[in-house]
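Trainee: This is a predicted model, with the sequence first.
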Amino acid sequence: MKKIVKIIIKVIKFLFGSIFISTNDIKHYPNLPALDYKIAMVNYHLKEIEHDIPTIIKLKFKLLVQYRWKYMLWRFTKFTFLCSLIYLAVMYIVNPTIKYIYPDQKIVKPIILSYPSDTSRNRRTFLEQIGYVESRNRYTERRPNSQYWGYYQIGQTERMNVGYGDVSFEVFSNHPELQESCMLELMRYNKRFLKNYIKKYNGKVIGGILISESGIIAMAHTGVGNVMKFLDSNGKDVGEDGNGTKSTEYLKLGGYKLDL
């Protein structure tokens, strides 16, 4: 602590040495101009309290720690909050704006050229992945005034296509086995509808993603039209589901053995 105080005193002397007139007795300068006289007076008083500066600094520091720590903590919290706001503004406002202004900048796309061939990649785990994305695996999920119901958030049109259009939400949400049966029939329906696309694009890489049957079936959950547009446009036309999830996220669920 003493070393720190001595350093502070040296810094003060260095800063003010070129301003204040060095003097031990103000009487030596009776004819100084008014401003120089005041400067000399300040220097004279500084000389008088020079020995008390270490004590003053120690006392101030002790009082700061003892009584002002809450204030300092509050100031630090505000500073941290301000830095967080600046970071969020840069990440979610400035950065997207730059990408909009300079659309030619290349964005690195994920590359998926192969899928693991293990027994865990089966229909059950495939459906769990779909359910997690759609409802966080909740059979009773339903957004306010939404036509998308249950574990897989199956829409009204899709329910009608596979023969479940007359089932009420109460019955649908309280019978998980009904939802599983509906989803299975929907997957079979989509496979039949898209059989030509599956045959044509299976094994090809589009948008950095290896196309497979299960990936196409997963993507069809956002609408078979999204699958057809994406494949026909060579990956340029990307759709999304009712939650705003890009259809390409479903396409990554490739390499599953669905046994439909």
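Mentor: Perfect, I can see it now.
Trainee: Tell me where the stretch 151-260 of the chain has strands.
Mentor: For the stretch 151-260 of the chain, the strands defined by DSSP state E, counting those that start in this stretch occupy 205-206, 209-210.
Trainee: Just send those back as TSV, with distance to Lys58, mean neighbour count and mean pLDDT too.
Mentor: (Each C-beta comes from the backbone N, C-alpha and C, glycine too.) Shown next, in TSV, are those (distance: least, CB to CB, whole Å; neighbours: other CB atoms under 10 Å; pLDDT from 0 to 100):
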stretch	distance to Lys58	mean neighbour count	mean pLDDT
strand 205-206	71	14	88
strand 209-210	66	20	86
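Trainee: and of the ones you listed, who's closest to Glu50?
Mentor: With CB to CB as the criterion, Glu50 lies closest to strand 209-210 of the strands of the stretch 151-260 of the chain, at 74.7 Å.
Trainee: one step back: dump the strands of the stretch 151-260 of the chain to TSV, plus distance to Tyr250.
Mentor: Below are the strands of the stretch 151-260 of the chain laid out as TSV (distance: least, CB to CB, whole Å):
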stretch	distance to Tyr250
strand 205-206	14
strand 209-210	10
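Trainee: Which of those strands sits closest to Asn122?
Mentor: Comparison of the strands of the stretch 151-260 of the chain against Asn122 by CB to CB identifies strand 209-210 as nearest, at 18.6 Å.
Trainee: beta partners for Leu210?
Mentor: Counting by DSSP bridges, Leu210 is bridged to Val205.
Trainee: Spell out, range by range, the helices that occur in this structure.
Mentor: 2-17, 34-49, 53-67, 69-89, 95-101, 123-135, 156-161, 169-173, 176-193, 195-201, 213-219, 224-232, 247-251 (DSSP state H).
Trainee: Which among the strands of the stretch 151-260 of the chain is found nearest to Asn43?
Mentor: In terms of CB to CB, the element of the strands of the stretch 151-260 of the chain nearest to Asn43 is strand 209-210, at 76.6 Å.
Trainee: what distance separates that closest one from the middle of the whole chain?
Mentor: Relative to its parent chain, strand 209-210 has a centroid offset of 25 Å by CA atoms, centre = their mean, to the nearest Å.
Trainee: picking that back up, out of the strands of the stretch 151-260 of the chain, the one nearest Lys60 is which?
Mentor: When the strands of the stretch 151-260 of the chain are ranked by distance to Lys60, counting by CB to CB, first place goes to strand 209-210 at 63.9 Å.
Trainee: which ones are touching the nearest residue to Cys182 once chain neighbours are set aside?
Mentor: Leaving aside its chain neighbours, Cys182 sits nearest to Tyr164 (4.7 Å; criterion: CB to CB, 6 or more residues apart in numbering). With contact taken as CB atoms under 8 Å, 6 or more residues apart in numbering, Tyr164 is in contact with 154, 172, 178, 182, 185.
Trainee: picking up where we left off before, please name whichever of the strands of the stretch 151-260 of the chain is nearest to Lys70.
Mentor: strand 209-210 (54.3 Å).
Trainee: Can you name every helix or strand that the closest one contacts?
Mentor: The criterion is 3 or more CB pairs under 8 Å, 6 or more residues apart in numbering; DSSP states H and E, and there are no helices or strands that strand 209-210 contacts.
Trainee: What separation do you get for the residue nearest to Cys182 and Tyr139?
Mentor: According to CB to CB, to the nearest Å, Tyr164 and Tyr139 sit 14 Å apart.
Trainee: avg pLDDT for stretch 54-73?
Mentor: Stretch 54-73 carries an average pLDDT of 75.
Trainee: pLDDT, distance to Met72 and neighbour count for the contacts of Tyr164 - can I get that in a markdown table?
Mentor: Listed next are those as a markdown table, based on pLDDT from 0 to 100; distance: CB to CB, whole Å; neighbours: other CB atoms under 10 Å:
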| residue | pLDDT | distance to Met72 | neighbour count |
| --- | --- | --- | --- |
| Ile154 | 90 | 56 | 22 |
| Phe172 | 93 | 58 | 21 |
| Leu178 | 94 | 61 | 16 |
| Cys182 | 94 | 60 | 23 |
| Glu185 | 94 | 65 | 16 |
